[in-house]
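Student: I'll drop the sequence and a predicted model, then ask my questions.
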Amino acid sequence: VLAGLPVLKELYLNDNKKLTGNINSLRVLKDTLAKVEIIDCMKVEGNFMDLADFPHLIELNLCHTAVTGDVREICAHDFPFLRSLSLPKGVYGGD
């Protein structure tokens, strides 16, 4: 479905108890996404680092999701333009 939106720059998904999936599926929008807000979607999973190489991402909010990871894995070249980062409890260093 996301591949059908090749120029999408902002994705906002909020309070959807039935939404399922893996944030890795956002990779088809790697070259366009600037803002991702997935909040209160507890069936959305994956590792937040799957988005680390998105060249235009400035805002990432994954609060209250099943996303995991470890902020200690962030390197100098990761998230090159990120200005805002909010992560769930499942991420080491999150929430």
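Tutor: Perfect, thanks for sending it.
Student: what does stretch 43-50 rub up against?
Tutor: In this structure, residues lying in contact with stretch 43-50 by CB atoms under 8 Å, 6 or more residues apart in numbering are 13, 17-24, 26-27, 38, 60, 62, 65-70, 73-74, 78, 87, 91. C-betas here are computed from N, CA, C, even on glycine.
Student: Flag every buried residue along it.
Tutor: Of the residues in stretch 43-50, those scored as buried under the neighbour-count criterion (16 or more other CB atoms under 10 Å) are 44-50.
Student: One more: stretch 49-64?
Tutor: Within stretch 49-64, the residues that qualify as buried by neighbour count (16+ other CB under 10 Å) are 49-52, 54, 57, 59-64.
Student: Equivalent analysis for stretch 29-45, please.
Tutor: For stretch 29-45, by 16+ other CB under 10 Å, it's 29, 32-39, 41, 44-45.
Student: and if you look at stretch 1-17?
Tutor: By neighbour count with 16+ other CB under 10 Å, stretch 1-17 contains the buried residues Leu11.
Student: on that earlier part again, just the ones of the buried residues of stretch 49-64 in strands?
Tutor: With strands defined by DSSP state E, the entries of the buried residues of stretch 49-64 inside them are 59-61.
Student: Can I get these in TSV including distance to Leu2 and pLDDT?
Tutor: Shown next, in TSV, are these (distance: CB to CB, whole Å; pLDDT from 0 to 100):
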residue	distance to Leu2	pLDDT
Glu59	18	98
Leu60	16	98
Asn61	18	98
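Student: quick one: which of those residues is nearest Arg83?
Tutor: Proximity of these to Arg83, judged by CB to CB, is greatest for Glu59, which lies at 6.5 Å.
Student: closest to Ala3 among the buried residues of stretch 29-45?
Tutor: Leu29 (8.4 Å).
Student: Can you give me the distance of the closest one to Pro80?
Tutor: For Leu29, the distance to Pro80 equals 16 Å [CB to CB, to the nearest Å].
Student: which stretches of the protein have low pLDDT?
Tutor: Scanning the chain with the threshold set as pLDDT under 70 gives no residue ranges.
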